[in-house]
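S.K.: my questions concern the predicted model and sequence given below.
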Amino acid sequence: MPESKAPTRGVLIRPFAAVAAALTLVLAACGGGEEGADTGVGFEDCVTEPTRCNSGPRAEGGDLVWAVDGQWEAWGQADIYGSSLATSIINQPLRPSVFSFDQNGEIHYNDGIYAEGPELLAEAPLTVAYHLKDDATWGEGTPIGIDDFVWHWKATSTDDAQCAACVPASSWGSNVETIEEGEDGSIVVTYKEGYLDAEWYAAGVITHPAHIAEARGYPNWRTDAEEMAASVRDFSENPPLDYSAGPFKMVEGVLGDYAKYVPNEEWTGSQQSTLDSLTLKYIQGADAMVTELRQGTIDGAAPSSFDPEVLNQLASESDIKFSVAPQSGWSHIDANFDNPFLAEEPLRRAVFTALDAQEIVDRAYGNAYADSEAMKNLLFRPGSEYFTDQITESGLGSGDLDAARGILEEAGYTWEGEQLLTPAGEAVSLRYRTGIEGNAFTPIIQDLVITYLADLGVEVVTDPIPAGGLNTVLEERDWDLIQFSWIETPLFASSAADYWGEEGHTGFQNDEVDQIAAELATTLDRDRAAELNNRAGQISIDQSVQLPLAWVPALVMVNEDVVNVRDNWATTMRVFSNVGEWGYLDKNED
């Protein structure tokens with residue numbers, strides 16, 4: 001399925017995506033494929049030891065090849081063109097993340113760059129200190145330093161005077177007032193007066209090395225907005241062969257095809273690789289990945305979608321380990337407010353009422369993971385202290401065709417034969433878009449949507465989203481109804497702005513939601529942030545902005561000799577959250 005992620009706190013894409021949700025841990029290693037295929041083979045211990053499962057002593061050396069199923073459209077991480085999940089994954093072995101969450105939802109700061117976690121110095125104005133390790137470098141001898149923070153500040157400032165005509169992957173820089181060196185050598189970020197963030201500790205503060213921008217021909221990035229923008233484009237257009245801030249450094253790369261890494265000898269973080277090389281290779285679709293894994297041409301994969309039939313193929317292979325469980329993506333169907341039909345709330349409400357969310361979930365995901373359930377809250381899973389049922393009373397997703405027709409009749413809609421007509425007599429037709437290619441789940445959802453809406457009298461025209469094209473489709477609002485997945489993390493404080501704010505992908509605008517987004521930017525109280533985000537989510541349901549479906553079952557499969565690969569629901573990176581620890585089993589060690 002197409003997947004997009006949000007760049008909250010300066011990590012991901014601002015206009016179209018948002019991190020969802022503080023989640024309680026829901027782990028399971030077994031689901032139901034055809035003929036009862038066991039979907040936890042080799043990963044059974046993930047139920048009781050989620051942060052340690054599939055572990056083992058590593059042998060020195062080896063060339064590990066991993067399949068990825070997203071074609072990245074850019075190399076850079078600072079602008080919108082590199083904000084896709086695929087680009088983040090291909091860069092994960094070398095990108096300068098501040099932190100990650102483990103499978104228990106616990107935060108771990110990047111000990112290869114930071115001596116400790118961010119430090120809150122003051123609340124008014126919000127002031128945060130970052131303590132860099134003395135030996136944190138960009139992989140070629142140059143220390144990570146204040147210029148790298150300042151470059152990222154300009155890249156994400158949303159200010160043409162700082163970065164001309166830039167479309168950043170986040171708006172982090174727009175809230176920054178100053179970046180200075182502290183007396184103790186720390187990097188001190190002071191935010192604009194009045195701005196607060198309940199998840200200040202999770203801000204993404206660097207993406208690319210400023211000195212490499214200069215080396216690539218942009219020495220005046222500090223003072224020339226055009227040159228600054230050119231340096232952002234350069235990082236997006238060219239592979240990062242000349243720097244690394246992670247356990248690996250890239251030595252070869254072809255856009256959308258593959259990237260080859262070797263260990264970064266300057267890396268001092270706790271994730272130390274034992275591999276000779278790691279190659280991330282684009283392979284389209286889980287079926288092809290399974291074939292190559294069975295043939296031994298790749299060592300593992302974690303596809304974003306798969307046909308449940310492959311589980312039986314995997315179960316028949318004694319030298320393959322695999323697991324299925326709900327992970328970091330949740331699927332939904334959204335309405336485009338720019339569409340003249342869907343601009344009318346009664347039609348949106350009727351459309352989403354006619355759809356039977358639980359049947360969609362059962363039919364699309366049930367064969368992969370038997371316990372899949374339709375979502376009842378847009379941000380929080382059942383069991384979270386912040387969970388409330390936002391859906392049931394609304395009727396959305398109920399599949400109640402009579403209720404849907406009643407909504408339309410009350411609003412003056414009529415039918416000519418089976419065709420729904422607006423109060424003005426215009427036949428209602430909607431263009432439905434989703435990713436079909438290489439995906440087993442979304443064609444089922446699409447067919448059900450067509451059937452439900454045909455019963456309502458709505459003609460549905462399908463227009464598949466090409467591989468790698470989701471962000472472009474969202475940016476251009478080139479759809480009427482769209483189905484895809486957001487990628488969640490345990491962060492949620494900015495969700496209202498990211499999902500339903502004035503720059504959101506649907507065109508939905510609501511003054512109360514905007515006020516909520518503004519208040520969220522002025523509080524450090526996480527409980528209050530959860531309350532506000534739940535209110536914003538409820539408003540979006542009341543206005544029939546979207547219909548949530550389910551947390552999507554995810555598959556991870558590896559050669560039996562590969563250790564320390566394990567899925568991680570709490571991060572957009574899934575298995576890549578500990579890529580520096582991957583390796584081959586040392587069979588000579590007891």
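M.R.: Perfect, I can see it now. Numbers count the residues shown, from 1 in each chain.

S.K.: for the rest of this, base every contact and every neighbour count on C-alpha atoms.
M.R.: Noted.

S.K.: can you pull out the helices in the stretch 351-500 of the chain?
M.R.: 357-365, 401-410, 441-456, 470-475, 495-500 (DSSP state H, counting those that start in this stretch).

S.K.: make that the chain, sorry
M.R.: With helices called from DSSP state H, the chain shows them at 85-91, 146-155, 210-215, 225-237, 286-295, 309-315, 345-354, 357-365, 401-410, 441-456, 470-475, 495-500, 511-520, 526-542.

S.K.: ranking those helices by burial, who's on top?
M.R.: helix 495-500 (a mean of 28; mean count of other CA atoms under 10 Å).

S.K.: ok, back up a step: among the helices of the chain, which is nearest Leu120?
M.R.: helix 526-542 (15.1 Å; CA to CA).

S.K.: just checking, Glu237 touches Trp75?
M.R.: Yes: here Glu237 reaches Trp75: they are 6.1 Å apart, a contact under CA atoms under 8 Å.

S.K.: mind listing what's buried along the top strand by length along the chain?
M.R.: Longest strand of the chain, by residue count under DSSP state E: strand 320-335. Neighbour-count burial for strand 320-335, counted by 16 or more other CA atoms under 10 Å, picks out 320-335.

S.K.: quick one: which of those is nearest Asn54?
M.R.: Closest to Asn54, out of all of these and judged by CA to CA, is Lys321, at 9.2 Å.

S.K.: wait, that closest one touches Val558, no?
M.R.: Yes: counting by CA under 8 Å, Val558 is a contact partner of Lys321 at 5.3 Å.

S.K.: shared neighbours, the two?
M.R.: In terms of CA atoms under 8 Å, 6 or more residues apart in numbering, Lys321 and Val558 are not both contacted by any residue.

S.K.: tally of neighbours for the nearest residue to Val189 once chain neighbours are set aside?
M.R.: Spatial nearest neighbour of Val189, excluding adjacent residues (CA to CA, 6 or more residues apart in numbering): Ile179 at 4.6 Å. For Ile179, the neighbour count with other CA atoms under 10 Å is 19.

S.K.: please report how far Ile179 lies from Trp200.
M.R.: 15 Å (CA to CA, to the nearest Å).

S.K.: and what of Ala364?
M.R.: Ala364 is 38 Å from Trp200, by CA to CA.

S.K.: in the stretch 1-150 of the chain, which spans are strands?
M.R.: Remark: strands assigned in the stretch 1-150 of the chain by DSSP state E, counting those that start in this stretch are 3-4, 63-68, 99-101, 107-109, 119-123, 126-130.

S.K.: packing partners of the fifth one?
M.R.: In this case it means strand 119-123. strand 126-130 (3 or more CA pairs under 8 Å, 6 or more residues apart in numbering; DSSP states H and E).

S.K.: off-centre distance for the strand it packs on?
M.R.: Averaging C-alpha coordinates over strand 126-130 and over its chain gives two centres that are 26 Å apart (CA atoms, centre = their mean, to the nearest Å).

S.K.: now do it: everything it contacts.
M.R.: Under CA under 8 Å, 6+ apart, the answer for strand 126-130 is 114, 116-122, 182, 186-196, 200.

S.K.: ditto for stretch 344-351
M.R.: Applying CA under 8 Å, 6+ apart, the set of residues contacting stretch 344-351 is 335, 341-342, 396, 403-405, 407-408, 411, 453, 456, 543-545.

S.K.: and if you look at stretch 64-71?
M.R.: Residues from elsewhere that reach stretch 64-71, judged by CA under 8 Å, 6+ apart: 85-87, 256-257, 275, 277-286, 289, 297-304, 467-468, 583.

S.K.: and if you look at stretch 383-391?
M.R.: 22-24, 376-381, 397, 530-531, 534, 537-538, 541.

S.K.: kindly export it (C-alpha atoms) in CSV.
M.R.: Extracted C-alpha coordinates of stretch 383-391, given in CSV (Å, rounded to 0.1, in the frame of the first residue of the first chain):
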residue,chain,number,x,y,z
GLY,A,383,-5.7,0.0,26.1
SER,A,384,-4.1,3.5,25.9
GLU,A,385,-5.1,5.8,28.8
TYR,A,386,-6.1,8.3,26.1
PHE,A,387,-8.4,6.0,24.1
THR,A,388,-12.0,7.0,23.5
ASP,A,389,-14.5,5.5,21.1
GLN,A,390,-14.8,8.3,18.4
ILE,A,391,-16.5,6.2,15.8
